[in-house]
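*Asks:* Provided below for reference: sequence and predicted model.
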Amino acid sequence: MTGAYFACVNANGGINGHPIKYFPLTEPIDPAQIKAKAQLLVTTDHVVGIVGTSDILECGVDAPYWKAQGFYVIAAGIAPECWSTANSASVNMGPRYSSDGATQYVIAQGATKIAFDQSNVPGTQYIAGGPNAIAASKHVTIQDFTENVPITSANGIAIKLVDAAGPSGAVVLNFTPPEALKILKAAQQLNLENRVKAWACSTPCNTDYLATTLGSKWDGKLFVNAELTPLDNNTSPAAQLFQAILKQYGGDVTGGVGSFSEMGFVMGEMATHALGTITGPYTVASVNAAFKAIKGYNTGLLCQGFTYGSYSEHIPNNMDYTVTPTNGKFLQAPGGGCTLISPADPQIAGYRAIAGTAPVAS
Amino acid sequence: MSMIDTARHAAPAASSRLPPMDRRSLISTTVIAAALLLALFALPPLMSLYYTDTMTQVAIYSIVALGLGLLVGRVGLYSLGQLAVLAIGAWTGARLLFATGQPFILVLIEAGLVTMIIGSLITLPALRLRGLYLALITLMLAGAVTVILATVNFPNGGGGFSGYNGNQLHTPHIRRPSFAGTDPAFYRFSVIVAIVMFLLVFIHLRTRPGRAWAAIKQSEPAALAAGINTTFYKLWALALSAFVTGVAGALLAGADGQLYSIDFPVQNSISLLAVVLVGGAFSLAGAVVAAFLQSFVPALLQVWGVQQDWLTIIFGIGVLQVLATAPGGIADQFPKDMMKLYGLISRLWRRPTAAKPAGVAATEAKGGDPA
Amino acid sequence: MPSWADFQPFIVTGLALGGIYALSGVGLVVLYRATGVLNLAFGAVGAMGGFIAWQLIHDGVPGWVGWLACILFSGLLTLAYGLVFGPALAGRGPLVQAVATLGLTLVLFGAMDLAWPTSAGQAPGITFPTDNGGFTIGQVQVTWTNVIELGAGVLITVATGAFLRYSKLGTAMRAMANDREITATLGVPVRRVEAAAWFGCGLLSGIAGVMLGDPSLDATTLTFTVVISSLAAALIARLRSIPVTLVAALVIGLVHDLLTPIQQLSNYQNMTPFVLAAVVLLVASRSQVMTRSREEG
C-alpha cells in the first residue's frame, strides 16, 4: 500500500517534481536473506530512506545495520527492536502493545480471567509481558499459551482456551488472520463462542475477509484491537483518499483491506510529507534527518499525531481503537474509541516518561 | 566397480595409501583449484554485499549437501531429516559462541563433534533397518527434533542451559571470528572451511571407508559376505555426515547472526534432499551444484521478482526426472551432455569430409568423474 | 494433573483427528501393498483437491459438486502419476519410488502456494452442512462432522480390508504386493490392477482432503504434517496391517489431543506421531531383523 501511495504521488508530480523510486523487496523469514536484502538496498540500489518494512524478524536483524548506516526507518513493525531502538519508529503498535489494547478492552468489559494465546514465533515472553502486566495491575488472572504454527488441531486449542478463561473470562489471541480464523472457526463449530464473556484479537485480525468469513455469530463477541482508525463506513478525507488510492493504484495490495494496508498508507503519507520538507539534495543524511524531524503529524488515520523524535526508543502510536465485526464489516466497538494503552505496561510508561503523552489529533 | 575389485583393494596392508592420480584427475583437480582460487580472491571485490552474503550461504550449504550426498550417493541412505542435523549444529555453535569466548574455529570443531555424537546416538538404533524404513525413521526423528527446537528455541544471548531469553528487547547477534568479522572476510572464511570439509570427505572416499561404502551401496549382503562390518561403516558414514553438517551449522550461526526455529521446518529437509538429488548425489561437484540451487538461485529469483514457488515446482520435477532417468544429477549429466555436444559438433564439423568414429569415440568417454 | 472432565472433550476431538489420520494411513498402506510404492504425495494431492473444491464452491458451484470434483481430481491425478512414473521407476525399489513421490509433493506444494497464497486475503475452507449441528456428551459438543470423520475412517478401513480380502481385484492387489512377476504370469492384468490401486488411493486422499479442509485449508499442514502423522500410523502397522493402521491412527490422534490440557507436555504434543512411530519401529526391529526382501530398497 505504501507503494500504491507513492505511485499516486508520482502520478501527481512527485515530490517537488522529483519522482519517488520505490524498491519493495520481499524475502522469506530468514535472517541471512533479510540482512542481504538490506545490504542490497543500501549498497546496490543506493536508497536514501527505508519506509514500509514489515517482517517478523527484520528490525532485530537489521537494527545494527541501520544504525551504522544512519537510517531512521519508518516501519510497520513486529520484532521488539522496531520499538526499542533509536533507528526505528513504527506507525503500528506491534504484537505486544496491540495485545495490551485487546487485553485492556476485555478487562474493561468485565472479564475477570484471561487466556492469552499466541503463535510460537520469536519473542513470545516479551509479547506476553505486556498483557501480563496490564492484567496484574487490574487484579485479573491471566494464563499464557503458545501454539506452533501452522495450527494442526484447532479444536483442541479452542477447548483449551475456553476452559482456561471460564464463563466470566476472555480469550485474547495474537495470531495472523489464517491461524486466528482456525481457532475461531473451531470454536464456532464446537459452539464455544458464548462460553466466555468475550473474545479479543490483536491487530492482524483487523482485516476485511476475516469479518466476512466469520459471520454474524461473532458480532459484538469478538473485539479486535485496530491500532488505526476503522475504515468501514468512514467518510473522513483520509479514509476516502485511502479508498481512492487503493482502487486506482492498489492492484498489488495483498492480504485484504485492514490494519496492515492502512499502515502502508500512513507510512507512505508521512514519508511523502517529510520528503516534501527537504529543500536541498536528497541524500541519506537529508532524508533521514527529515524523517527524524516528523513531529505531531496528523495522518488522519491515527489517534495521535505522529512524532519520530530523537529518542532511544519509539512507541509513537500508543493510543488505540477497538472494532468488532458488524454485518460483515469491522466497526468501532462500544467504548472502543481512542484509548491510551495503559502505563501498567512498563515499556509504555518508560516511553511516555521521555516523550510525553501525545494528545488525540484533531 | 565390481565386488571383486573391492575385495582386492580392501585386503592389502597398503590399502590406506592414496592411489596415484591419472591424467584426467589431474586436469579436473587443476580446474577445481582454479575455481576455488577464483572464488576466494577474484570474486569478493566484484560482488555486492548482497551476493557476498548469498555466496556465504552457498559455501555453507555446499557442506550440508556434501554430508547428505555422502549418505545418499555413497551409502544409499536417504536421510529425510538432514536439516534437523544442521539445526543441532547451529544450536550448539550458537550456544558455545554466546557462552564462551573460545576461538571460532574451536567452536566449529566442537559443534561438529557434538552433532556427530548426537546424530550417531539417535540413529544408531535405527541402523538395523534397511532402505525405506531407515529413511522414514530419519523423517520421524527430524520431526521430533523440530518440535523440540520450537519449544527450546535457539540461543539468543540468554542464560541457563538453553541460552534463550524470550523477554529481550534487543537480541544480540552471534559473534564471528575476530579475523573474519566483515561479510567479505566471513565469506572467504566459509569457503576455506568448506574446502577443508570437502578434503576430509575426499580422503575418506579414497581410502578404506570409501571402498567399504561403495561395496555396501552395491550390495549389502555381498559386502557382509566379503567380511565388511557393514554396521560399523554405515555408522561411520552417518558420523562423518553429521560432523560436517554440524560444522556447517556453527558456520551458519556466525553467518546469520540470529537463529530461529521457524527457519528449520521439516519441509525444508525434503527440498534439501531434492536439490542434492538434482545437483548430483554421486559426486563432490554435485554438492556444490546443489548448494547453488539451494541458496544462489533463490537469491537471483528474488532480485528478478520471480516467486519462489516456481523453484519449488522445478525442484519437484527435477527429483522426478533425476530418479527416472539421470540418477547422477546435474553434476553427472552435465559433463555427459557436454561430451555429447562436443561429439555432435565435431561430427557436424567433419561431415563434409570423413565419418562418424570421432563423434562416437567422444561420446563414449565417460563423463562425471565420481571424484 | 487435569481431571477426567477436563480430558473428556479432547477424547472426542482426538478421535475425530485420528479418524482422518486413519483414512490417509489406510490409503497409504493399501497402495503400498498393491504397488510397492509409498505415496508420500498423498496429503498434497488431497490438499490440492480441497483447494479446487473451495475455489469452485467460492465461484458458485454447489457444495457437493465441489467435493466430488476434489475427490475425482485427486483420484485422477494420482492415477496419472502412477501410470507415468510407475513403469519408469519400476524395479528401483520402494525407497526410490517413495522419494519420487516427494518430487510430486514439491510440485503440488509450489503450485498450491502460487495459486492460493496465504497472503491473498482469503480464507479457503470447506464447510459441511453438518458442521453446526450436533449433540452433547456430558460437557462436550460433538458435531455431526466429527461423527462423519470418525465414521468414515472406520468404515473405509473396514471396507478396504474386506475388499482386499474378499474381492477379486483386492486379491489380485495382494498377490501383486507379494510378487509382481509371478502374479503377472498367472494371467492377472497387472497394469490394470495397479491402475485401480493408484486411482483408489487417490480417491481416498481426496476424501481426506475434503474432510481435513473443514474448516480451514492450509497447504503446509495438509501436505506435510498430516502425511507424517498418517505415515507414523502406517509405519506402526509395518505398512502391512490395515486394522493396526486404524488403531494406531486413533491412538495417535487421541494421545496428541489428550496432551493438550497437560501444561508441561502440551508444547511437545506435535511430537506424538514421531515418537510413537520411532519407538514402535525400533522395538520391532530388535525382535526381528528386517531382512532384505522385495519390500525394501
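*Replies:* Thanks, I have it.

*Asks:* Low-confidence regions, the chain specifically.
*Replies:* Since you didn't name a chain, this refers to chain A. Chain A contains residues with pLDDT under 70 at A:255, A:362.

*Asks:* wait, chain B
*Replies:* Within chain B, the segments meeting pLDDT under 70 span B:1-22, B:24, B:326-327, B:351-371.

*Asks:* For it, give the residue positioned nearest to chain A.
*Replies:* Taking CB to the nearest CB, chain A has its nearest neighbour within chain B at residue B:166, 3.0 Å off. Every residue, glycine included, has its C-beta placed from N, CA and C.

*Asks:* okay, now that residue: neighbour count?
*Replies:* When counting by other CB atoms under 10 Å in any protein chain shown, one arrives at 16 neighbours for residue B:166.

*Asks:* And the residue nearest to it when sequence neighbours are not counted, its phi and psi?
*Replies:* Closest residue to residue B:166 apart from its sequence neighbours, by CB to CB, 6 or more residues apart in numbering or on different chains: residue A:125 at 3.0 Å. The phi and psi values for residue A:125, taken as degrees, to the nearest 10, are phi -70, psi -40.

*Asks:* Verify the contact between residue B:145 and residue B:81 for me.
*Replies:* Yes: using CB atoms under 8 Å, residue B:145 makes contact with residue B:81 at a distance of 7.2 Å.

*Asks:* Neighbour count: the two, which is higher?
*Replies:* Taking other CB under 10 Å, residue B:145 and residue B:81 do not tie; residue B:81 has more neighbours (27 against 23).

*Asks:* name the element the residue nearest to that one when sequence neighbours are not counted belongs to?
*Replies:* Counting by CB to CB, 6+ apart, residue B:142 is the residue found nearest to residue B:81 once chain neighbours are left out, at 2.4 Å. Taking DSSP states H and E as the definition, residue B:142 sits inside helix B:131-152.

*Asks:* In that helix, which residues are buried?
*Replies:* Within helix B:131-152, the residues scored as buried using 16 or more other CB atoms under 10 Å in any protein chain shown are B:131-151.

*Asks:* go on, stretch A:288-295?
*Replies:* Residues of stretch A:288-295 classed as buried by neighbour count (16+ other CB under 10 Å): A:288, A:290, A:291, A:292, A:294.

*Asks:* Could you list which residues are in contact with the second one?
*Replies:* Going back to what we said before, that points to residue A:290. A:274, A:275, A:277, A:278 (CB atoms under 8 Å, 6 or more residues apart in numbering or on different chains).

*Asks:* and those as a markdown table, adding distance to residue A:263 and secondary structure?
*Replies:* Below are the contacts of residue A:290 laid out as a markdown table (distance: CB to CB, whole Å; DSSP: H, G, I helix; E, B strand; the rest coil):
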| residue | distance to residue A:263 | secondary structure |
| --- | --- | --- |
| A:274 | 16 | helix |
| A:275 | 18 | helix |
| A:277 | 22 | coil |
| A:278 | 23 | coil |
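
*Asks:* and which of the residues you listed is nearest chain B?
*Replies:* Out of the contacts of residue A:290, the member with the shortest distance to chain B (by CB to the nearest CB) is residue A:275, at 25.0 Å.

*Asks:* Give the burial count for the residue nearest to that closest one when sequence neighbours are not counted, as a bare number.
*Replies:* Distances taken as CB to CB, 6+ apart place residue A:15 nearest to residue A:275, at 4.7 Å, with adjacent residues excluded. Residue A:15: 19 surrounding residues under other CB under 10 Å.

*Asks:* From residue A:81, how far out is residue A:15?
*Replies:* 29 Å (CB to CB, to the nearest Å).

*Asks:* again with residue A:331
*Replies:* 34 Å.

*Asks:* Same check on residue A:216?
*Replies:* 40 Å.

*Asks:* higher neighbour count, the two?
*Replies:* residue A:81 (26 against 11).

*Asks:* Next, the contact list for that one, please.
*Replies:* A:59, A:60, A:63, A:88, B:169, B:170, B:171.

*Asks:* So which residues on the stretch 1-150 of chain A come close to chain B?
*Replies:* A:25-33, A:35-37, A:39-40, A:43-44, A:56-57, A:60-61, A:63-64, A:80-81, A:84-85, A:120-126, A:129, A:148 (CB under 8 Å from any CB of the partner chain).
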